[in-house]
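Novice: dropping the sequence and predicted coords here.
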Amino acid sequence: ATGEATGIKQSSGGAKVEGQGLGDAWSASVTYENPLFVAGLGYDKAIPSTFLGKGILNASDPEIAGGSVFAAANTVRAIGRLNPLEGLALKALFQTSEVEKSDGNGNGASTDNIDDAQGWLIGAEYNIPQAKNWTVKGQYSQNDTSFKNNTADFKAKQVIAGADYAFSKQVKTYGYAGYLTLEQADKKDKQPVAGLGLEFKF
């Protein structure tokens, strides 16, 4: 991505990166797959990301960590998917992120105290043999952000369960529900998450 003189900035179409040269921010990944498993490794260099995220219930008046921080980060991410039985898939993800050092056009002073963030996810999905149109899913994810001073770690945890129903190869509907928990020291927000959608492949 080519940076702009305005520095890191959120916009309706995504995000702007810092710097003014080609390749100031970039991403790369490699994957391997066969019928039994899929593995992948990726790297983001100075790609803007949100740290200390907010949930629905604390979006307007966040009690925990004072709200989200938007910052360029260097992130390493590893993913894996194992298919031990027909219709069953086990999934996992791990990533670690470090905030880029502030330089005026880059991250603001609010990011200087962030040390790093470690995140992981495990999940499974199962296509029911007796009802091939149905796939049930579940996953648990967690992200811990640590700080350079004595600030308590910020923890975000989410557990979700859901199901897909395929009308055809092109059309399916899906739904999910679960809980998001945000924690920092003795403060905690626990709130529901839910979604319903329709996917159509042209």
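Specialist: Now that the structure is in, tell me what you want to look at. Because the structure is a prediction, the values reported are computed rather than measured.

Novice: only C-alpha atoms for contact and neighbour calcs from this point on.
Specialist: Fine.

Novice: can you list contacts of the host helix or strand of T75?
Specialist: In this structure, T75 sits in strand 69-85 according to DSSP states H and E. Contacts with strand 69-85, where a contact means CA atoms under 8 Å, 6 or more residues apart in numbering, come from 8, 10, 17, 35-53, 89-100, 106-108, 110-111.

Novice: without its sequence neighbours, what residue ends up closest to K201?
Specialist: Spatial nearest neighbour of K201, excluding adjacent residues (CA to CA, 6 or more residues apart in numbering): Q170 at 4.8 Å.

Novice: nearest residue to the middle of this structure?
Specialist: The centroid of the chain falls nearest to G119 when counting by CA atoms, centre = their mean (8.3 Å).

Novice: now list the buried members of the contacts of strand 69-85.
Specialist: Neighbour counting by 16 or more other CA atoms under 10 Å classes 8, 17, 39, 41, 43-49, 51-53, 89-100, 106-108, 111 among these as buried.

Novice: next step: those restricted to strands.
Specialist: Residues of the buried ones among the contacts of strand 69-85 located in strands (DSSP state E): 39, 41, 43-49, 51, 89-99.

Novice: that older thread, residue contacts, the residue nearest to K201?
Specialist: Neighbouring residues of Q170 by CA under 8 Å, 6+ apart: E199, F200, K201, F202.

Novice: no further queries at this time; thank you.
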